[in-house]
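In: coords please:
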Amino acid sequence: MKLMKTEEAVGQVLCHDITQIIPGVTKDAVFRKGHIITEEDIPVLLSVGKDNIYIWEKDDTMLHENEAAQILYDMCKNDHMHPSDVKEGKIELIADCDGVLKIRRDALLKVNSLGEMMIASRHGDFPINPSWYRAYRKEHGTKPFIEGESLYEYCSTLEENGTRLCTDAMLRRVAYMAVQTGGCGYTYGAQGIWDNIWEVSDINPDFNAFNKFGITWAKAIDGPGGAQMGYLKRFYEEHHFEEMVPYEPAEMEESISPFANKLAAATISRDKTRALIYYGEMDGMSTPLAGLCDGIYAISWFDPRTGQTEKAEIQVEVRGKSCIMPKKPAAGDWVLIAECIEKTEK
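Out: Numbering: from 1, shown residues only. Predicted coordinates:
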């Protein structure tokens with residue numbers, strides 16, 4: 001791999017993808033690895049900020065980023081998943097069926113401790129899948145459902161690889177997923193209150209599978225998840241969740257569905273002028289979205305941890321009923337609010 005001035009790179013071979021980002025329009029490679037640079041390509045490369053560019057020089061001590069991604073994929077794959085297209089040094093593993101994701105945490109830590117590369121993953125042992133909610137609505141379209149305490153705050157999880165404390169972040173993921181996929185609510189529970197523990201000494205050692213961390217009633221009553229469920233209720237009331245419908249992948253092309261891969265929680269208003277998208281803790285990519293009315297959309301971000309909403313400086317234009325919604329503003333989970341402020345449909 002060799003760095004040289006772009007104007008002098010005609011005839012050379014690109015050693016990585018070149019990405020063009022136009023907010024609200026596109027984020028994709030304009031040139032792929034292996035492309036031979038021509039005179040006509042130079043203005044395009046300069047327009048995306050590539051004053052200097054890496055060209056390929058064969059070296060047995062180096063791997064191309066896409067080849068490295070393929071090696072990491074081969075380490076992780078099994079018979080129940082398939083890869084996305086390799087792109088910009090990344091491959092996503094996509095489940096072929098519903099099930100429980102199991103992660104070998106020790107092996108993941110070893111790989112990610114090597115440096116220069118990483119494998120990003122969801123937490124393991126989460127069986128909840130949006131397809132369950134969609135399947136229910138398909139079979140019982142006129143019968144409302146509520147997700148009933150699928151996770152308790154402060155509960156000790158029962159997992160093959162050990163026990164974890166159920167956090168407010170875990171609760172939010174399931175609660176927002178349930179409502180975004182058509183549920184009417186989520187019932188909250190907290191360990192310590194549920195089992196009526198006043199002192200740690202009250203925990204029966206023969207029945208402590210769900211309270212291995214010594215959670216008392218006094219601690220559980222102040223759990224952050226309880227307040228956050230209140231924020232969830234107020235948020236959906238303010239945004240009239242009864243007017244929102246789940247964004248079904250069957251209605252749109254799979255490639256532009258936010259239900260594909262990681263982004264599994266989007267709703268659109270019946271009049272196609274508003275959208276709510278829940279970005280989970282591990283969801284960080286921008287979101288292709290189809291089905292909204294053409295127009296200019298104001299963007300706001302709702303923080304599920306604090307209940308606060310902040311208006312974003314950017315706006316998104318929907319053309320041909322499709323657009324790309326922006327990345328979340330920071331780490332953690334967020335809800336994007338898109339509202340049409342100017343229709344441009346003919």
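
In: Which parts of the stretch 1-150 of the chain are strands?
Out: Ranges of strands in the stretch 1-150 of the chain, per DSSP state E, counting those that start in this stretch, are 2-5, 18-22, 26-31, 52-55, 81-83, 93-95, 147-148.

In: and the last one, which strands flank it?
Out: So that's strand 147-148. In the sheet, strand 147-148 lines up against strand 186-187 (parallel) (DSSP bridges).

In: which other helices and strands contact the next helix or strand after the partner strand?
Out: Downstream of strand 186-187, the first helix or strand assigned by DSSP states H and E is helix 217-220. If contacts are counted by 3 or more C-beta pairs under 8 Å, 6 or more residues apart in numbering; DSSP states H and E, helix 217-220 sits against no helix or strand. All C-beta spots, glycine's among them, are computed from the backbone N, C-alpha and C.

In: any idea which helix or strand comes after helix 217-220?
Out: Following helix 217-220 in sequence order, the next helix or strand is helix 224-238 (DSSP H and E).

In: Next, the buried residues of that next one.
Out: Across helix 224-238, burial judged by 16 or more other C-beta atoms under 10 Å covers 225-226, 228-229, 231-233, 235-236.

In: Between those residues, which sits nearest residue 51?
Out: Using C-beta to C-beta, residue 235 comes nearest to residue 51 of the buried residues of helix 224-238, at 45.1 Å.

In: Spell out the secondary structure type for the residue lying closest to that closest one once chain neighbours are set aside.
Out: The shortest distance from residue 235 to any non-neighbouring residue, by C-beta to C-beta, 6 or more residues apart in numbering, is to residue 302 (5.9 Å). What DSSP: H, G, I helix; E, B strand; the rest coil gives for residue 302 is strand.

In: Residue 302 contacts residue 236, correct?
Out: No: contact criterion C-beta atoms under 8 Å: residue 302 and residue 236 do not qualify, at 10.3 Å.

In: distance between stretch 294-301 and the chain's centre?
Out: 20 Å (C-alpha atoms, centre = their mean, to the nearest Å).

In: Same check on stretch 278-290?
Out: With C-alpha atoms, centre = their mean, you get 4 Å for stretch 278-290.

In: just to revisit the earlier point, so which of the buried residues of helix 224-238 comes closest to residue 148?
Out: Once C-beta to C-beta is applied, the member of the buried residues of helix 224-238 that ends up nearest residue 148 is residue 229, at 13.0 Å.

In: mind listing what that closest one touches?
Out: With contact set as C-beta atoms under 8 Å, 6 or more residues apart in numbering, residue 229 has these partners: 171, 175, 186, 188.

In: What sits closest to the first one if chain neighbours are left out?
Out: Excluding its sequence neighbours, the residue lying closest to residue 171 (C-beta to C-beta, 6+ apart) is residue 225, at 4.5 Å.

In: OK, contacts around the one you found?
Out: By C-beta under 8 Å, 6+ apart, residue 225 lies in contact with 153, 167-168, 171-172, 188, 190.

In: By neighbours, which of the residues you listed wins?
Out: The most neighbours of any of the contacts of residue 225, using other C-beta atoms under 10 Å, belong to residue 171, which has 29 neighbours.

In: Where does the prediction get shaky in the stretch 1-150 of the chain?
Out: For the stretch 1-150 of the chain, the stretches with pLDDT under 70 are 22-27, 58-60, 62, 88, 98-100, 105, 122-134, 136-137, 141-143, 149.

In: Check the stretch 151-300 of the chain too.
Out: 158-162, 206-208, 248-264, 283-285.

In: thinking again about what came up before, let's have the strands of the stretch 1-150 of the chain in TSV, adding mean neighbour count.
Out: As requested, the strands of the stretch 1-150 of the chain are arranged in TSV below (neighbours: other C-beta atoms under 10 Å):
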stretch	mean neighbour count
strand 2-5	10
strand 18-22	15
strand 26-31	15
strand 52-55	18
strand 81-83	14
strand 93-95	14
strand 147-148	15
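
In: wait, which of these is closest to residue 298?
Out: strand 18-22 (19.1 Å).

In: Counting by contacts, list what the closest one packs against.
Out: Packing partners of strand 18-22 (3+ C-beta pairs under 8 Å, 6+ apart): strand 26-31.
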